[in-house]
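Engineer: Pasting the sequence and the predicted coordinates here, then a few questions.
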Amino acid sequence: MSGETTAQVATGAGGAAAGRPVLEAVHVTKHFPVRGGLPRRGATRKVVHAVEDVSLSLYAGRITALVGESGSGKSTLARLLAQLYPVTGGEVRLHGRSVRALRGKAFRDHVRQVQLILQDPFASFNPVATIAGTLRRAVALHHPGKRGRERTAVIDDLLTQINLVPPRQFTAKYPHELSGGQLQRISIARALAADPEVFLADEPVSSLDVSIRLGILNLLRRLTEERNAAMLYVTHDIASARYFATDTAVMYAGQVVESGPSEAVTQQAAHPYTQLLIASAPDPSRASADRVKDIGQPPSLIDPPAGCRFHPRCPYAMERCKVDTPASFDISPGHTARCWLYADDEEARARRAENAEAVATLTAPVSLDIPAPPDSPVTPDSPVAPDTSTD
Ligand SMILES: Nc1ncnc2c1ncn2[C@@H]1O[C@H](COP(=O)(O)OP(=O)(O)OP(=O)(O)O)[C@@H](O)[C@H]1O
């Protein structure tokens, strides 16, 4: 068993040490009060247990995927890391320093260094401002010394970096005149204006047409590498996590249940929930009949199940799973799972063997969302062209 009680992506692919984290969630918890109706006298106010005791570290030059079903707490965790919500418990650390309750300049510095990229680019732009107007505001905020031509030059450079060229073809346009992919590129350019150390990309391609998703992911990867930035990639698509991210953390009902190098998490999934996500993922290389379609429902986060939150859906649940919160167990270097299947006792060993047999043929799909395999060449005409496209 690992000494940590929470899952943590602390090592890179293959278990290589990844240095000190840039941004961390350390035993972070977030409860939202349930709206409407005051509690009866003496009763405690109900809360949504959106994030519970989660530890997650982001490293320079690395992409960490945060994968899970809708409502599992992924966006809430991203917003906690961005300091858009205060934590209920635990802390967020930037370069090892707690950023709890930041105000004033310290808060502005955090917001500059940690940039959020959201799912729906149309919703994050002022519809009556031109692209130049939007970017000018961002540049004015983050480069106050630059004015006039210098500011225009920064905007041109930002658009060039995200491959919208020639820049002047885009600056006079309004958001509704651009495609979703082009607008998502502009929102990436807006984030770049801050010269951040961390990108928090919350489902950055899920609202986009399948054919342009890979181009945006490749752009994000290039920018992460070139700038040695850290990236959190929030997604419900475990196959894209395998393709895109160095490390993967799987979230279920507010908790991280498995984490480690993406290849290990997706190819030797240890937690029954991760296995279920993989078995139910769309996969063009797998017969549709082989795909698990009835995957059940996540629990209420107002009154989450005791013990392991996944136990009501888990075919391998044992008595202790209904009572005790699972500890974190080491599966392989850097790969951990919070699951009692990995305890060192007779019942767990028997269930583990059952599970190993059932999942022996399980491999992470190459997603329908990402039509090209990871390192296949992409031609300029391809609908999944890399970051040279302008969508
Ligand atoms: N501001 C809020 N007030 C109350 N409850 C909230 C708030 N934000 C999120 N929640 C609840 O917290 C839980 C986690 O939501 P969250 O949006 O973080 O999940 P998610 O995994 O990102 O889902 P999705 O993929 O659908 O975006 C859900 O039950 C959600 O209803």
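Structural biologist: Noted; the coordinates are in hand.
Engineer: Would you check how far apart whichever residue of the stretch 201-350 of the chain sits closest to the ligand and Asn355 are?
Structural biologist: Proximity of the stretch 201-350 of the chain to the ligand (CB to the nearest ligand atom) peaks at Leu301, 4.5 Å away. All C-beta atoms are positioned from the backbone trio N, CA, C, and that covers glycine. Separation of Leu301 from Asn355 (CB to CB, to the nearest Å) stands at 26 Å.
Engineer: Equivalent analysis for Pro167, please.
Structural biologist: Here Pro167 is placed at a distance of 54 Å from Asn355 (CB to CB).
Engineer: now swap in Val28 and tell me
Structural biologist: 29 Å.
Engineer: In terms of neighbours, single out the busier of these two.
Structural biologist: Taking other CB atoms under 10 Å, Val28 and Asn355 do not tie; Val28 has more neighbours (23 against 19).
Engineer: Would you mind checking the average pLDDT for the strand or helix carrying Leu141?
Structural biologist: Element membership for Leu141, per DSSP states H and E: helix 131-142. Mean per-residue pLDDT for helix 131-142: 93.
Engineer: Now do the buried residues in it.
Structural biologist: Within helix 131-142, the residues that count as buried by 16 or more other CB atoms under 10 Å are Ile131, Ala132, Thr134, Leu135, Arg136, Ala138, Val139, His142.
Engineer: After it, which helix or strand is next?
Structural biologist: helix 148-161.
Engineer: which outside residues touch the next helix or strand along the chain from that following helix?
Structural biologist: Scanning forward in sequence from helix 148-161 by DSSP H and E, the next helix or strand is helix 168-171. With contact meaning CB atoms under 8 Å, 6 or more residues apart in numbering, helix 168-171 is reached by Thr130, Ile131, Ala132, Leu135, Ile155, Asp156, Leu159, Leu164, Leu178, Gln182, Ile186.
Engineer: Of those, grab the buried ones for PyMOL.
Structural biologist: In PyMOL syntax, the buried subset of the contacts of helix 168-171 is picked out as below (16+ other CB under 10 Å):
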select buried, resi 130+131+132+135+155+156+159+164+178+182+186
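Engineer: Next, name the residue at the spatial heart of the protein.
Structural biologist: Nearest to the geometric centre of the chain sits Val234, at 2.2 Å (CA atoms, centre = their mean).
Engineer: Tell me the spacing between that residue and Arg338.
Structural biologist: Applying CB to CB to Val234 and Arg338 gives a distance of 20 Å.
Engineer: next one: Leu178
Structural biologist: Taken as CB to CB, the span from Leu178 to Arg338 is 43 Å.
Engineer: for Val165, same thing?
Structural biologist: 47 Å.
Engineer: Who has more neighbours out of those two?
Structural biologist: More crowded of Val165 and Arg338, by other CB under 10 Å: Arg338, with 28 against 14.
Engineer: circling back to that earlier point, the residue nearest to the centre of the chain: what secondary structure?
Structural biologist: Using DSSP: H, G, I helix; E, B strand; the rest coil, the structure places Val234 in strand.
Engineer: who's in contact with it?
Structural biologist: Residues in contact with Val234 (CB under 8 Å, 6+ apart) are Ala65, Leu66, Lys74, Ser75, Ala78, Leu200, Ala201, Asp202, Glu203.
Engineer: and what of Ile238?
Structural biologist: Val67, Thr248, Val250, Thr266, Thr274, Leu277, Ile278, Ala281, Ala364.
Engineer: just for the stretch 151-300 of the chain, where's the confidence low?
Structural biologist: The stretch 151-300 of the chain contains residues with pLDDT under 70 at 283-295.
Engineer: I'd assumed Ala65 was in contact with Lys74.
Structural biologist: No: applying CB atoms under 8 Å as the test, Lys74 and Ala65 come out as separate, 9.9 Å apart.
Engineer: Tell me which entries of the contacts of Ile238 lie within strands.
Structural biologist: The strands, defined by DSSP state E, take in Val67, Thr248, Val250 from the contacts of Ile238.
Engineer: Which one of the residues you listed sits in the busiest neighbourhood?
Structural biologist: Neighbour max across the ones in strands among the contacts of Ile238 (other CB under 10 Å) = Thr248, 31 neighbours.
Engineer: name the helices or strands packed onto the helix ranked longest in the chain?
Structural biologist: Assignment by DSSP state H gives helix 210-227 as the longest helix of the chain. The contact analysis (3 or more CB pairs under 8 Å, 6 or more residues apart in numbering; DSSP states H and E) places helix 210-227 against strand 63-67, helix 180-192, strand 198-202, strand 230-235, helix 238-244.
Engineer: what does this protein put close to the ligand?
Structural biologist: Contact residues, the chain versus the ligand (CB under 6 Å from any ligand atom): 32, 48, 50, 68, 70-76, 236, 301.
Engineer: In helices, which of those appear?
Structural biologist: Using DSSP H, the residues of the chain next to the ligand in helices are Lys74, Ser75, Thr76.
Engineer: want to try TSV for these, with distance to Ala60 as columns?
Structural biologist: Below are those laid out as TSV (distance: CB to CB, whole Å):
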residue	distance to Ala60
Lys74	22
Ser75	23
Thr76	24
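Engineer: Tell me the helices and strands packed up against the strand or helix carrying Arg79.
Structural biologist: Remark: Arg79 resides in helix 74-81, with elements defined by DSSP H and E. The contact analysis (3+ CB pairs under 8 Å, 6+ apart) places helix 74-81 against strand 23-33, strand 47-58, strand 63-67, strand 114-117, strand 198-202, strand 230-235.
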